[in-house]
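>>> I need the structure of the sequence given here:
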Amino acid sequence: MTADPQFRTDVLRGLASTPKAIPARWLYDSRGSELFDEITRLPSYYPTRTESALLQRIMPEVAARVGPGRAVVEFGAGSLTKTPLLLEAIAPAFYVPVDISGDYLRASAEELVAKLPGVPIHPVEADFVQGMDLPDDLLALPKLGFFPGSTIGNFIPASATDLLRHFRRTLGTGALLLIGMDRVKPVERLLAAYDDPEGVTAAFNLNLLERINRELDGTVPIDTFRHEARWNDILGRIEMHLVAGRDVEFRIGGQPFRMTKGESIHTENSHKYGPRGGRTLLLAGGWTPVVEWTDAARDFAVVLAEALPERFAP
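Numbering: from 1, shown residues only. Now for the predicted structure:
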């Protein structure tokens with residue numbers, strides 16, 4: 001298999017850094033995407049079912065505010081639970097799922113075609129983190145960005161702001177963005193959601209090492225590492241780490257690496273936002289909140305925001 005050059009660069013750079021870290025987007029190869037879908041169905045993983053129920057409840061109001069005939073651009077391959085709720089409600093002109101995992105993207109698109117045969121679907125294989133261009137035939141249409149699942153929480157605030165600005169440039173002034181944000185809640189619930197007793201999240205995290213061995217000619221002894229979820233209170237986030245159980249040496253593409261017992265590879269963050277923090281993040285990224293909805297327990301928020309014309313002054 002030919003490895004993605006950026007994957008190789010990020011892994012080698014991340015393992016040579018202190019502390020060691022690899023960008024979370026590389027967790028989502030085809031197998032990683034399948035495992036994440038399995039995570040979303042676990043009893044302890046509240047975000048997906050909470051957001052899905054919230055979207056179902058608010059969709060009539062979303063449809064009234066959004067209107068028909070928009071090109072819906074979903075940043076990340078569509079969920080067969082959430083995406084149809086939106087597409088069935090607003091009668092879009094096009095649905096454009098964007099994802100870095102081409103195999104998973106195409107499989108998701110095929111399932112949606114079967115489920116929603118009346119909706120034109122135009123998959124785009126791209127890393128939306130780096131910015132992207134939309135197909136020419138969509139440029140003149142009004143647009144709605146869709147970014148559910150609190151995926152924005154995977155990015156540190158500086159990167160999240162950059163990402164939101166990428167979305168604005170991609171969708172253009174006047175576009176709308178429907179985005180999910182997870183709220184701060186008791187630490188025990190957060191840790192249980194990211195370290196399930198079934199071991200699916202552990203398999204999801206460890207799959208990154210399997211991908212490295214397979215695609216980058218790695219010799220990482222996977223059974224030496226264990227998954228660990230941590231709450232970082234000062235930064236307001238759950239962190240996922242792969243922790244070495246002993247001193248270990250391995251090679252990736254011929255380059256040697258060494259880790260000591262207890263040292264970790266930081267693989268993912270999930271930032272949790274309060275109401276004001278979430279709105280401030282959107283504003284910093286060029287999006288003005290229009291309306292915000294939450295579930296009864298205020299565990300999760302969905303925000304509709306607009307890319308208003310830039311102003312010279314307040």
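>>> need the strands for this protein, in chain order.
Ranges of strands in the chain, per DSSP state E, are 20-21, 71-75, 94-99, 124-125, 143-147, 176-182, 225-232, 237-244, 248-252, 255-259, 264-271, 288-294, 300-306.
>>> Please name the nearest non-neighbouring residue to Met132.
Take Met132 and drop its neighbours on the chain: the residue closest to it by CB to CB, 6 or more residues apart in numbering is Ala126, 4.4 Å away. C-beta: built from backbone N, CA, C; applies to glycine.
>>> Could you export the strands of the chain to TSV, including columns for mean neighbour count, mean pLDDT and distance to Asp10?
Shown next, in TSV, are the strands of the chain (neighbours: other CB atoms under 10 Å; pLDDT from 0 to 100; distance: least, CB to CB, whole Å):
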stretch	mean neighbour count	mean pLDDT	distance to Asp10
strand 20-21	18	98	9
strand 71-75	25	95	19
strand 94-99	23	91	17
strand 124-125	17	89	18
strand 143-147	23	97	22
strand 176-182	25	98	25
strand 225-232	16	98	18
strand 237-244	21	98	15
strand 248-252	15	98	11
strand 255-259	14	97	14
strand 264-271	22	98	11
strand 288-294	15	98	32
strand 300-306	22	98	30
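>>> Let me have those in TSV, adding distance to Leu163 as columns.
Formatted as TSV, those follow (distance: least, CB to CB, whole Å):
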stretch	distance to Leu163
strand 20-21	18
strand 71-75	8
strand 94-99	12
strand 124-125	16
strand 143-147	9
strand 176-182	11
strand 225-232	20
strand 237-244	16
strand 248-252	27
strand 255-259	29
strand 264-271	12
strand 288-294	17
strand 300-306	13
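>>> So which of these is nearest Leu216?
Leu216 lies closest to strand 248-252 among these, at 5.1 Å (CB to CB).
>>> Name the residues that touch stretch 161-168?
75, 128-132, 145, 147, 152, 155, 175, 177, 281-282, 284-287, 307 (CB atoms under 8 Å, 6 or more residues apart in numbering).
>>> related to what we said a few turns ago, in this structure the residue nearest to Met132 contacts Val98, no?
Yes: the criterion here is CB atoms under 8 Å, and Ala126 meets it with Val98 at 5.6 Å.
>>> so what's in contact with these two at the same time?
Met132.
>>> neighbours around Asn207, how many?
Per other CB atoms under 10 Å, the neighbour tally for Asn207 reads 21.
>>> check contacts around it.
By CB under 8 Å, 6+ apart, the contact set of Asn207 is 27, 29, 31-32, 35.
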